[in-house]
Every structure is written in C-alpha cells, then in structure tokens.
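Novice: predicted structure and sequence below. I'll ask about it afterward.
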Amino acid sequence: MKIALINPNYEGSLESKRTYLPLGLAYIAAVIRKSKKHKLKVIDAAALDLNDREVERQLKDFGAEIVCVGAVTDLLKAAINVCRIAKKLKAISVIGGVHPTILPSETLSFDDVDIVVIGEGEYTVLELADCIEKKKDLKKVKGIVFKQKEKKNGKIKFITTKNREPIKNLDELPFPARELFPWKLYSSYSSIVRKTPCMHIMTSRGCPFHCTFCASQSLWKKCRDRSPKSIADEIEHLIRNYGIREIYLFDDTFNLNLKRSEEICDEIIRRKIKVSLRVQARVYPITKRLLQKMKKAGVWCIYYGVESGNDKVLRDIKKAIKIEWVKKAFKMTEEAGIRTFGFFMIGLPTDTKKTIKDTLDLA
C-alpha cells in the first residue's frame, strides 16, 4: 500500500506560527518503514506552509491509497480538509491524535472521515494498512472506529473494534523518523530556547494523576517508561546525526519516579554528553539531590505546572499540589542554578475574580 502521513497546515499568519516535529507521525513513519511492507510519504504541510492545492498535488503524484492525518482540537478543521482531499483522490482517510481519541464518534461523523485511530497509532496504522491490502475484515484491527454500510437498508453505522493495549516496552519502538520531515525548519516546541538547533523527545508516556483539564489519561492510558540507555542513545543520535544542541524532554512529568529521573541524569553524565536540556515537572516530588544531578546533566530550565494560585481551585481541578509546595520547588530549583518557568491557567471552572488575582499574585 501507498501510505501518506500528513501534518496539516493551519490558519493564521506566518508570524504566529511555531512549527515543531509532529512526534506521533514520526513514530508511525518509523514503524511503517521498519516493516518494509508499504511505500511511505510524509508531508508536513504546517512546516512547509502548504495550501490544500499543494497537498492534493503531492498526494496525487504519490498515488496515495491511505492518507493518515493527526489532529488536536485546534487542527481538526485542517485535518478534515486533508480527509476531503483524500476522498477526492479515492484514497482511504484515517485520522488520529488527541481529539479523535477522546471524541471518536463525533470525529467519524464527518462525511470525509473513513476511519478513526484511538490512542497510540504506531502498530494500529501498520496493521490497518496490512488489513486493507489483504482485504480482510477491519474488525480484526484493534483500536479503531470505522464506517460500515448495512446491507439491508444501506444505512451507515459506526463499528468500534476491541481496545488496543498500550505498548508495554517503549524501547522496542524505533527512533522517530525525523529525517523524513523538513527538520531544519523546526524552531522548537516552545519559544524558550537557549541553544539551536533544538528538538524534543519523549522518554515516557502517560501520567498517574487525574488533572481535569489534561488529555494524558485518555490518550496514553497507562504510564510507561523508556530505559535510561534508550534515552541517552537517542540524545546521542540527535547530536550525531542532526547537530542538535538542545533537547526538550517532552514528558508529561519528568520527575514522577525520582530514582528513574536520577538514573537518566546519571547515564547522561556517565557518557559525558554535552547538551542543553529542558524538562517538564511537577512541584512535588522534587529533591535537592535530583536538582543537582539535573543541573550537572545539562538541564537549564524546568517547566512546572502550577495552574492556579488558589488551593481550593487546585483541589477542584484535582491537581494534587499545594501552593506551599509550589513556592518550595521554585526556590529549590533556583538555588540549584536552574531556571524556572511556570504554567498558569486563567478561567478554570471555579475561578473567581479573587482566585484569578491569587494566581496573578503567585506568578
């Protein structure tokens, strides 16, 4: 099969755009390529600023038979446009990502969407392509929702297949196929960068907490970690093959397991890897010992999820932290010589003028 993976473009001025590698698609691309079963084309319409006409031309020239597009909520319209192009070219349209995972039936209700992938897509997309090529029953593919026309009345019904178990051993996945993407065009996942070029990696998937605003539980289901060896190998791979000087460890929470976090730092220090690092973390648990190791390993900035400056609002959103922990973590981090960055949210469900002022005061 000829499979095209599309990162859709989005509306807005070029000045407001910040492109970064679509890591999910890059992992799917790596798994498909490793299988050696199908032909593959990657189109990052966002990074290349391609309009629908240019995307259509490339898909037509490639002769795409399956078109897969990823979507978060604010990219849904653009993703549906890609599905429309796919249907115009008589290709099967597949959409996955956070939004389709949480709202599969709603997403599938669009006329131009044929199949929705729920959760992790690496093996699902590969098995789906195998199934379509061999003209087997799509019900055998775990983790999808698809349309089926009833023979009696011609009505379309949605078929949800069995859940796909989360990938247990993340180390078995090949590194994302970054070389298939226009990687030199990516600035960073965030605007705070000390050294360029910069890329982001994931060292784990999932989070055990249940913050009401977060999609992690719905997308990743279970918490799983990559080994420190695999992480250090990928960092060295990025430095060696892409000249990367800074890496954003884009996990939900780097410090969920203090022992594992220290082991990652120890492995980087042991190998004498010289790279600038940024991580996302919770304000608890955090220790001076871990912070010192993070500093030695090259971490210069930690993004902490604070969200609100009011303890009641924090309880309401099930953040499982306290303001006193926030202040302590920021102080400890700054004393360790690491820059702090706080994520704050305004307009949470139980916010009032007072609680919003509390958040601004804390910031």
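Specialist: That came through, no problem.
Novice: contacts, neighbours, all on C-alpha from now
Specialist: Fine.
Novice: helix/strand/coil for the nearest residue to R282 once chain neighbours are set aside?
Specialist: Spatial nearest neighbour of R282, excluding adjacent residues (Cα to Cα, 6 or more residues apart in numbering): Y304 at 5.6 Å. Using DSSP: H, G, I helix; E, B strand; the rest coil, the three-state assignment for Y304 comes out as strand.
Novice: is Y304 in a bridge, and if so with what?
Specialist: A281, G342 (DSSP bridges).
Novice: for whichever helix in the chain runs longest, buried residues please.
Specialist: Among the segments of the chain that qualify as a helix by DSSP state H, the longest is helix 228-242. With burial defined by 16 or more other Cα atoms under 10 Å, the residues of helix 228-242 counted as buried are P228, S230, I231, A232, D233, E234, I235, E236, L238, I239, Y242.
Novice: ok, stretch 51-68 next?
Specialist: Of the residues in stretch 51-68, those buried (16+ other Cα under 10 Å) are D52, V55, E56, L59, K60, G63, A64, E65, I66, V67, C68.
Novice: mind pulling up the pLDDT for the second one?
Specialist: By that I understand V55. The model reports V55 with a pLDDT of 97.
Novice: any idea how far it is from K312?
Specialist: 48 Å (Cα to Cα, to the nearest Å).
Novice: where along the stretch 1-150 of the chain do the helices fall?
Specialist: Remark: helices of the stretch 1-150 of the chain, listed N- to C-terminal, are 23-35, 45-48, 52-62, 76-88, 98-102, 104-108, 122-133; assignment by DSSP state H, counting those that start in this stretch.
Novice: of all these, which lies closest to S308?
Specialist: Evaluated over those, closeness to S308 peaks at helix 98-102, with 24.1 Å, by Cα to Cα.
Novice: ok, S35 - how many residues close by?
Specialist: Summarising burial for S35: neighbours were counted as other Cα atoms under 10 Å, giving 9.
Novice: buried stuff in the worst-scoring helix or strand of the chain on mean pLDDT?
Specialist: Taking mean pLDDT, DSSP states H and E as the measure, the helices and strands of the chain show their lowest mean at helix 216-220, namely a mean of 87. Of the residues in helix 216-220, those buried under the neighbour-count criterion (16+ other Cα under 10 Å) are S216, Q217, L219, W220.
Novice: then stretch 110-129?
Specialist: Neighbour-count burial for stretch 110-129 flags 112-129 (criterion: 16+ other Cα under 10 Å).
Novice: same question, stretch 333-346
Specialist: Counting neighbours by 16+ other Cα under 10 Å, one finds that the buried residues in stretch 333-346 are T333, A336, I338, F341.
Novice: three-state assignment of the residue lying farthest from the centre of the chain?
Specialist: Relative to the average C-alpha location in the chain, and by Cα atoms, centre = their mean, no residue lies farther out than K152, which sits at 41.5 Å. For K152, the assignment made with three-state DSSP gives coil.
Novice: state the distance from it to A26.
Specialist: As defined by Cα to Cα, K152 lies at a distance of 42 Å from A26.
Novice: ok, V113 next?
Specialist: Computed with Cα to Cα, the distance linking V113 and A26 is 22 Å.
Novice: ok, now L170?
Specialist: Applying Cα to Cα, the value for L170 to A26 is 15 Å.
Novice: how about D44?
Specialist: Spatial separation of D44 from A26 under the definition Cα to Cα is 11 Å.
Novice: need the residues touching each of these two.
Specialist: F181 (Cα atoms under 8 Å, 6 or more residues apart in numbering).
Novice: I247 touches K195, doesn't it?
Specialist: No: the criterion here is Cα atoms under 8 Å, and I247 misses it with K195 at 9.0 Å.
Novice: more crowded one of the two?
Specialist: With other Cα under 10 Å as the criterion, I247 and K195 differ in neighbour count, and I247 comes out ahead with 26 against 13.
Novice: which residues touch that one?
Specialist: Counting by Cα under 8 Å, 6+ apart, I247 makes contact with C198, M199, H200, I201, I235, V275, S276, L277, R278.
Novice: hey, what's the fourth one bridged with?
Specialist: Applying DSSP bridges to I201 gives these bridge partners: L249.
Novice: isn't it right up against F250?
Specialist: Yes: proximity of I201 to F250 meets the contact threshold set by Cα under 8 Å, at 5.7 Å.
Novice: ok so, going back, tell me the pLDDT of the residue farthest from the centre of the chain.
Specialist: pLDDT recorded at K152 is 83.
Novice: related to what we said a few turns ago, in JSON lines: the helices of the stretch 1-150 of the chain, plus distance to A320.
Specialist: Formatted as JSON lines, the helices of the stretch 1-150 of the chain follow (distance: least, Cα to Cα, whole Å):
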{"stretch": "helix 23-35", "distance to A320": "28"}
{"stretch": "helix 45-48", "distance to A320": "36"}
{"stretch": "helix 52-62", "distance to A320": "44"}
{"stretch": "helix 76-88", "distance to A320": "31"}
{"stretch": "helix 98-102", "distance to A320": "23"}
{"stretch": "helix 104-108", "distance to A320": "29"}
{"stretch": "helix 122-133", "distance to A320": "32"}
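Novice: appreciated, that's everything.
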